[in-house]
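> Quick one: sequence and predicted model below, then my questions.
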Amino acid sequence: MPRPIATALALLFTLTATITTFAGDSTSPTLTPPPPDPWHFTLSAPGWIPWVTGDVGFRNSTSDVHIAPGQIIPKIDMVANLRAEAHHARLSVIGEFLYLSLSDGIGKSGFLKKVDLQVAQTMGELGAAWRLTESKRGYLDLTGGVRYNNYYQRLAFQPDHAQIAASAEALATAARQALRSKLSTALSALAATNPTLPVAPLSADQVALLTSTISKIKGSIAAKSAQISQQLNTTLDQAISRNDDWWDPYVGLRGRYYFYPAFYTNAKADIGGFSVGSKLSWTAELALGYQFSPNIFAELGYRAAGVDYQQDQLLIDTITHGAQLTLGVQF
């Protein structure tokens with residue numbers, strides 16, 4: 001038999017014997033696949049103390065908004081802010097719900113005894129994050145999703161009947177230009193130039209409408225005075241409200257860096273709107289965090305959000321920004 005063939009047969013016999021020996025050994029270890037990476041969940045509750053600055057407008061009237069936390073906190077009727085995240089391997093599903101309701105009652109002079117303001121904002125977010133890179137020191141994610149926004153505004157007026165009755169005769173004898181000037185002064189609250197809440201001047205055109213209506217009233221001074229008084233009381237004893245909602249897609253980045261195993265910093269930013277809902281929207285956050293235990297953490301940082309929404313004669317061009325404290329659990 002040629003030597004190469006004999007060598008090959010010897011090697012084959014040896015390999016077969018080895019496999020047979022291991023197959024018959026009941027004490028040999030069994031290899032098991034590693035357990036699958038489980039889902040991890042995070043629930044947190046941010047507490048945001050913001051300033052609100054910018055412009056809110058309706059039709060051709062715009063109000064400047066500059067509201068500090070000290071002005072907002074006493075006017076809060078209800079607030080809720082919750083975040084949730086489910087993470088598996090490189091994928092995360094993220095969501096947030098925010099609801100804020102504010103109200104204020106303002107005593108006025110002129111033809112208005114009181115103006116009640118209310119604004120309620122609801123935001124719901126659903127998105128996803130994909131891990132771009134990760135190391136022992138931290139990670140970087142690409143984020144994207146959609147935000148639903150609902151903005152409700154309401155103005156309610158209480159007329160001062162006595163003041164209206166006392167001024168009716170002067171309005172009845174005034175020329176049109178003087179009439180408009182008197183009404184503008186007595187109803188300055190309707191312009192909402194510097195509102196105590198981020199409410200658009202929904203009633204700013206009422207002075208022009210009342211001027212037009214009252215200037216057309218004919219008759220004696222006494223008859224005109226009675227009709228003017230009735231017209232003012234009827235028009236001013238009302239509430240004006242508006243409800244707007246829209247969807248904003250967004251894309252962004254978020255990351256974390258560990259200074260120590262339990263001490264870290266978070267940063268996130270996104271941009272959206274793209275004229276799908278708002279013309280432009282954005283958010284940005286920076287926070288320092290501490291992991292008290294494997295399941296409990298806290299973060300202190302700063303959060304800002306901006307929106308430029310212009311639809312159906314309504315303008316909301318504001319920036320909301322301020323400190324934020326977040327408490328959360330992981331499991």
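Perfect, I can see it now.

> what about dumping the CA coordinates of the one helix or strand Leu126 maps to to CSV?
Leu126 belongs to strand 112-135 when elements are defined using DSSP states H and E. Once non-C-alpha atoms are left out, strand 112-135 reads as follows in CSV (Å, rounded to 0.1, in the frame of the first residue of the first chain):
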residue,chain,number,x,y,z
LEU,A,112,-64.5,94.8,32.8
LYS,A,113,-64.8,93.7,36.4
LYS,A,114,-62.7,90.5,35.9
VAL,A,115,-61.0,88.5,33.3
ASP,A,116,-60.4,84.7,33.8
LEU,A,117,-57.7,83.1,31.8
GLN,A,118,-57.0,79.4,31.3
VAL,A,119,-54.5,77.5,29.3
ALA,A,120,-53.9,73.7,29.1
GLN,A,121,-51.2,72.0,27.2
THR,A,122,-50.9,68.2,26.5
MET,A,123,-47.9,66.6,24.9
GLY,A,124,-47.5,62.9,24.1
GLU,A,125,-44.4,61.4,22.6
LEU,A,126,-43.6,58.0,21.1
GLY,A,127,-40.2,57.3,19.6
ALA,A,128,-37.3,54.9,19.3
ALA,A,129,-33.5,55.0,19.8
TRP,A,130,-30.8,53.0,18.1
ARG,A,131,-27.4,52.6,19.8
LEU,A,132,-24.7,53.9,17.5
THR,A,133,-21.8,53.2,19.8
GLU,A,134,-21.2,52.0,23.4
SER,A,135,-18.3,51.5,25.8
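
> Can you tell me the strand partners of it and which way each runs?
According to DSSP bridges, strand 112-135 has the following sheet partners: strand 91-107 (antiparallel), strand 138-159 (antiparallel).

> can you give me the mean pLDDT across that strand?
What strand 112-135 shows for mean pLDDT is 96.

> unless I'm mixing things up, Tyr250 is touching Asn149, no?
No - under the criterion of Cβ atoms under 8 Å, Tyr250 is not in contact with Asn149, lying 11.5 Å apart. Bear in mind the C-beta positions are built from the backbone N, C-alpha and C, glycine included.

> still on that earlier bit, mean neighbour count, mean pLDDT and distance to Ser225 added to the strands paired with strand 112-135, as a markdown table?
Output for the strands paired with strand 112-135, formatted as a markdown table (neighbours: other Cβ atoms under 10 Å; pLDDT from 0 to 100; distance: least, Cβ to Cβ, whole Å):
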| stretch | mean neighbour count | mean pLDDT | distance to Ser225 |
| --- | --- | --- | --- |
| strand 91-107 | 16 | 96 | 26 |
| strand 138-159 | 18 | 97 | 16 |
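
> Reformat the ones you listed as JSON lines; add distance to Thr193.
Compiled in JSON lines, the strands paired with strand 112-135 are given as follows (distance: least, Cβ to Cβ, whole Å):
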{"stretch": "strand 91-107", "distance to Thr193": "13"}
{"stretch": "strand 138-159", "distance to Thr193": "14"}
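
> Only C-alpha atoms, please: export stretch 47-67 in CSV.
Output of stretch 47-67 as CSV, limited to C-alpha atoms (Å, rounded to 0.1, in the frame of the first residue of the first chain):
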residue,chain,number,x,y,z
GLY,A,47,-40.3,67.9,37.7
TRP,A,48,-39.8,71.0,35.5
ILE,A,49,-39.7,74.6,36.8
PRO,A,50,-39.7,76.7,33.6
TRP,A,51,-39.7,80.2,32.3
VAL,A,52,-41.9,80.9,29.2
THR,A,53,-40.8,83.6,26.8
GLY,A,54,-41.8,84.5,23.2
ASP,A,55,-44.9,85.6,21.3
VAL,A,56,-48.5,84.4,21.1
GLY,A,57,-50.8,85.9,18.5
PHE,A,58,-54.2,85.7,16.9
ARG,A,59,-55.0,87.2,13.6
ASN,A,60,-53.2,90.6,13.5
SER,A,61,-52.6,90.9,17.2
THR,A,62,-49.5,89.6,19.0
SER,A,63,-48.7,89.5,22.8
ASP,A,64,-45.3,89.3,24.3
VAL,A,65,-44.9,86.6,26.9
HIS,A,66,-42.4,86.8,29.7
ILE,A,67,-43.5,84.5,32.6
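
> next one: that stretch to chain centre, how far?
Using Cα atoms, centre = their mean, to the nearest Å, the distance from the centre of stretch 47-67 to the centre of the chain it belongs to is 14 Å.

> which helices and strands sit right next to the one helix or strand His66 maps to?
Per DSSP H and E, His66 falls inside strand 61-67. Secondary-structure packing of strand 61-67 (3 or more Cβ pairs under 8 Å, 6 or more residues apart in numbering; DSSP states H and E): strand 40-58.

> tell me the mean pLDDT for the strand it packs on?
Averaged across strand 40-58, pLDDT comes to 97.

> what sits against the residue most central in space within the chain?
By Cα atoms, centre = their mean, the mean C-alpha position of the chain lies nearest to Met123, the distance being 4.8 Å. Counting by Cβ atoms under 8 Å, 6 or more residues apart in numbering, Met123 touches 96-99, 147-150.
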